[in-house]
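Colleague: Return atomic coordinates for the entry below.
(one chain, ligands or ions: 1)
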Amino acid sequence: TPATSKPALWQLQYPICPGPPGVYIVAPSAGKGLGVFAAHDLEIGDIVMRETPVIKIVPPKVAKGRPYPMSIVSKLVREEFEALSPDAQEEVLSLTYHASSAEKTNTDALGIIFRTNAYNTGDKVGLFPKIARINHACRPNTSYYWSEKLNKRIVYATRKIKAGEEFFVSYISLLLTQEERQKQLDRYGFTCHCEACTQEREAQQASDNRRTIIKKAFANFEPQLILEPPRSSKAKEQARKNAKASVQLAELVQEEGLADYYAKAYRIAAISHARVEDWQPAAIWANRGYELRYMEDPQSPNTLELYQLTSTFISNWESELRSRFST
Ligand SMILES: C[S@@+](CC[C@H](N)C(=O)[O-])C[C@H]1O[C@@H](n2cnc3c(N)ncnc32)[C@H](O)[C@@H]1O
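Modeller: This is a model prediction of the structure:
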């Protein structure tokens, strides 16, 4: 039909829905190659991308912290790659990669593309060509999770994002000092110039201190996160101190802006208050943690646990109020 022709009657009766407006735009990002930018404003929890892996491999077994042997990875990736459509192959080959000079001459580029861009995906490692365009920051504005059920990686906003802002995720653990983070990022072949890594010296030092304290506190709290109330007076005293310290920890994580770790800190604050039977803050912290975990993945064990904790703590709080007003 010529473009100038009048719309048919059915087109007027059933206007064609153009679908939701796109969330992201891929465009050059200064000093970082390509990047992914917000097409419109986003709220916390809004989905940025959902993507199925084009290649998924079972990685070879290696000691913790050791790199996967590239010869094996390359072979596994190539097998999967050969089965892809020409368009999908082209998309994979267009991805950026970082190789050492020795690797450039003796390693299959496909394996290196995979290493630069792939993400842990349950017990496998997967390549997601669209998500792979998202650059790294040490105080990112999005986070992601792998949904085994949907066979998709899901990226969502962890803070409010304005149209035109770049989306960032973290490629590494963020509970490290700037120097430690840079060592880990070296394998991606870039020096991180994100907002968290380019602060004034004093602010940088303060940020390093906060991250070191948060990491230690998470480890120290771990063995104490049991719901059974303390018995001895010494244990009770310790539990009271912990409840106070757990609030300071949550505040510190917020001050450092590490949204990826908010839910973990809120769970610690919830359980620490439950142990001293301070049900109101226990319920509030648990609910805050639950809301964040729900956003991350409604079905995950972490989400379901916080749902349970929130309901238990709310009913304990209600019983406490009832007994207080009935006397
Ligand atoms: C997974 S890719 C991200 C997308 C990539 N920028 C592109 O053009 O396809 C990882 C590569 O992006 C670049 N990159 C990611 N985050 C960066 C950052 N914060 N600073 C500089 N380069 C970055 C590095 O070259 C890194 O090896």
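
Colleague: Which helix runs longest in the chain?
Modeller: Longest helix in the chain by number of residues, with DSSP state H as the criterion: helix 301-326.

Colleague: Please list all residues in contact with residue 130.
Modeller: Listed by Cβ atoms under 8 Å, 6 or more residues apart in numbering, the contact set of residue 130 reads 26, 49, 51. For every residue, glycine as well, the C-beta is placed using N, CA and C.

Colleague: can you give me phi and psi for the last one?
Modeller: Backbone torsions for residue 51, taken as degrees, to the nearest 10, come to phi -140, psi 140.

Colleague: which residues touch it?
Modeller: With Cβ under 8 Å, 6+ apart as the criterion, the residues that contact residue 51 are 128-131, 152-153.

Colleague: Roughly how far does it sit from residue 146?
Modeller: Between residue 51 and residue 146 the distance is 11 Å, computed by Cβ to Cβ, to the nearest Å.

Colleague: intersection of neighbour lists for the two?
Modeller: Taking Cβ under 8 Å, 6+ apart as the criterion, residue 51 and residue 146 both touch 152-153.

Colleague: Could you check how far the residue of the stretch 1-150 of the chain found nearest the ligand is from residue 215?
Modeller: Using Cβ to the nearest ligand atom, the point where the stretch 1-150 of the chain gets nearest to the ligand is residue 33, with a distance of 2.7 Å. Summarising the geometry, the distance separating residue 33 from residue 215, computed by Cβ to Cβ, is 30 Å.

Colleague: Also residue 66?
Modeller: Taking Cβ to Cβ as the criterion, residue 66 is separated from residue 215 by 22 Å.

Colleague: of the two, who's got more company?
Modeller: Higher neighbour count among residue 66 and residue 215: residue 215, with 16 against 8, using other Cβ atoms under 10 Å.

Colleague: Not counting its neighbours along the chain, what's nearest that one?
Modeller: Distance criterion Cβ to Cβ, 6 or more residues apart in numbering; nearest residue to residue 215, sequence neighbours excluded, is residue 175 at 3.9 Å.

Colleague: Check residue 258 too.
Modeller: residue 174 (5.6 Å).

Colleague: looking at this, that neighbour is in a helix?
Modeller: No. Residue state for residue 174 (DSSP: H, G, I helix; E, B strand; the rest coil) corresponds to coil; a helix is not indicated.

Colleague: and the gap between it and residue 68?
Modeller: Residue 174 sits 23 Å away from residue 68, going by Cβ to Cβ.

Colleague: between the two, which one's more packed in?
Modeller: Between residue 174 and residue 68, counted using other Cβ under 10 Å, residue 174 has the larger neighbour count: 21 against 18.

Colleague: Break the protein down into its structural domains.
Modeller: Residue ranges for the domains of the chain, per automatic domain parsing: 24-188, 201-326.

Colleague: so which of those domains gets nearest residue 194?
Modeller: Put simply, out of the domains of the chain the one that sits nearest residue 194 is domain 24-188, at 3.9 Å, with distance taken as Cβ to Cβ.

Colleague: Quick one: the helices in the stretch 101-250 of the chain, in order.
Modeller: Along the stretch 101-250 of the chain, the stretches classed as helices by DSSP state H, counting those that start in this stretch are 101-106, 109-117, 178-185, 201-221, 233-256.

Colleague: can you tell me which of those the model trusts least?
Modeller: Out of these, helix 101-106 stands lowest, with a mean of 76 (criterion: mean pLDDT).

Colleague: Could I get the average pLDDT for the longest helix of the chain?
Modeller: In this model, helix 301-326 carries a mean pLDDT of 93.

Colleague: Likewise for stretch 83-92?
Modeller: Looking at stretch 83-92 alone, the average pLDDT works out to 96.
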